[in-house]
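K.L.:
Just need the structure, nothing else, for what follows:
(one chain, ligands or ions: 1)
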Amino acid sequence: MEKRAVYPGFFDPITNGHIDIILRGLRLFDKIIVAVLKNPKKKPLFSTKERVGMIKAIFAREPRIEVKAFDGLLVDFAQANEADVVIRGLRAVSDFEYEFQMALMNRKLNAEIETLFMMPSVNYSFLSSMLVKEVFNLGGCVKDLVPEIVARNLKRKLARGKFILSN
Ligand code: PNS
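P.N.:
Numbers count the residues shown, from 1 in each chain. As a prediction, this is how the structure comes out:
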């Protein structure tokens with residue numbers, strides 16, 4: 001039986017921290033489905049199509065990664081995709097409270113689905129999509145923080161004027 005996990009998030013945009021978690025997950029699972037939330041409460045910089053497209057391009061040569069957009073309940077998406085594990089990255093203790101709440105709510109909604117927390121490399125423990133956008137917007141270098149395709153797309157967006165970043 002294939003071991004499948006879902007790795008959900010906004011990915012606006014995907015960072016090297018997310019990629020680090022996905023690569024660690026591939027050591028444990030046969031298949032990882034990267035689940036990109038379609039309609040976050042906050043307005044994303046990149047459209048759903050752009051966010052999915054960048055992740056697909058990054059993992060184009062890895063057949064064990066699937067990338068899909070989703071809305072609705074994460075546990076329903078996991079079940080529909082025959083995955084019984086949700087992977088979440090924990091960067092610091094500050095992530096814990098929100099993640100703990102989400103994991104227990106997801107368990108309440110579907111007790112068959114387990115949440116697995118993984119720590120990224122310490123090099124990325126300070127990294128978030130929000131900070132990447134802010135730093136880039138203000139002229140900072142994001143070279144070691146995001147894949148090449150993300151840096152290119154950030155540049156393309158910035159060429160049209162500074163981003164309006166919502167929290
Ligand atoms: O990138 P993020 O902010 O860490 O991702 C949050 C995400 C997408 C994992 C979370 O918002 C989510 O699962 N949304 C789907 C809606 C849902 O299932 N809500 C109930 C679980 S608490």
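K.L.:
buried set for stretch 95-108?
P.N.:
Of the residues in stretch 95-108, E99, A103, N106 count as buried by neighbour count, 16 or more other Cβ atoms under 10 Å. C-beta: built from backbone N, CA, C; applies to glycine.
K.L.:
Let me have the residues you listed in CSV, extended by secondary structure and distance to the ligand.
P.N.:
Formatted as CSV, these follow (DSSP: H, G, I helix; E, B strand; the rest coil; distance: Cβ to the nearest ligand atom, whole Å):
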residue, secondary structure, distance to the ligand
E99, helix, 8
A103, helix, 8
N106, helix, 5
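K.L.:
Flag every residue of this protein that's near the ligand.
P.N.:
P8, G9, F10, L37, L73, L74, M102, M105, N106 (Cβ under 6 Å from any ligand atom).
K.L.:
I figured the third one was touching L45, is that so?
P.N.:
The one in question is F10. No. Counting by Cβ atoms under 8 Å, L45 is not a contact partner of F10; they are 10.1 Å apart.
K.L.:
neighbour count winner among those two?
P.N.:
The neighbour comparison of F10 against L45 (other Cβ atoms under 10 Å) goes to L45, with 22 against 18.
K.L.:
how near is the more buried one to the ligand?
P.N.:
13 Å (Cβ to the nearest ligand atom, to the nearest Å).
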